[in-house]
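Novice: Okay, sequence plus prediction incoming.
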Amino acid sequence: MCVACRTSRPKRELQRIVRTPARDVVFDPTGRLAGRGAYVCQDPPCLDTAIKKGALARALETPLPAAFLEAVTSGAITTNTTQGGARGQE
């Protein structure tokens with residue numbers, strides 16, 4: 001389920017953002033990074049909404065770092081994830 005628009009979609013149609021044990025917030029294209037994860041639609045406006053309304057920070061239970069916000073606003077992060085789990089079913 002997307003944390004911003006609350007729509008239920010298959011995991012393949014969502015992008016995973018993770019708060020790692022080291023407290024970094026990163027995109028997880030593989031879906032396998034350790035840490036607390038949140039799912040957001042692949043549409044850039046949905047990610048913007050999740051950040052502006054604070055839904056992403058609440059889901060990750062941490063404030064979003066300035067470096068992560070800068071990378072999102074500058075477009076340095078590609079938000080299209082196509083990889084799945086171990087057997088491509090996630």
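Specialist: Ah, there it is.
Novice: alpha carbons only for contacts and neighbour counts from here, please
Specialist: OK.
Novice: shaky segments in the protein?
Specialist: Residue ranges of the chain with pLDDT under 70: 77-90.
Novice: Would you mind naming the helix or strand containing the residue nearest the centre of it?
Specialist: Ranked by distance to the mean C-alpha position of the chain (Cα atoms, centre = their mean), the top residue is residue 17 at 2.7 Å. In this assignment (DSSP states H and E), residue 17 forms part of strand 14-19.
Novice: all helices for the protein, in order.
Specialist: Ranges of helices within the chain are 44-52, 55-60, 66-74, based on DSSP state H.
Novice: now for these, which one comes closest to residue 2?
Specialist: Closest to residue 2 of those, according to Cα to Cα: helix 44-52, at 8.6 Å.
Novice: Tell me the helices and strands packed up against that closest one.
Specialist: Taking 3 or more Cα pairs under 8 Å, 6 or more residues apart in numbering; DSSP states H and E as contact, the helices and strands that helix 44-52 lies on are strand 36-41.
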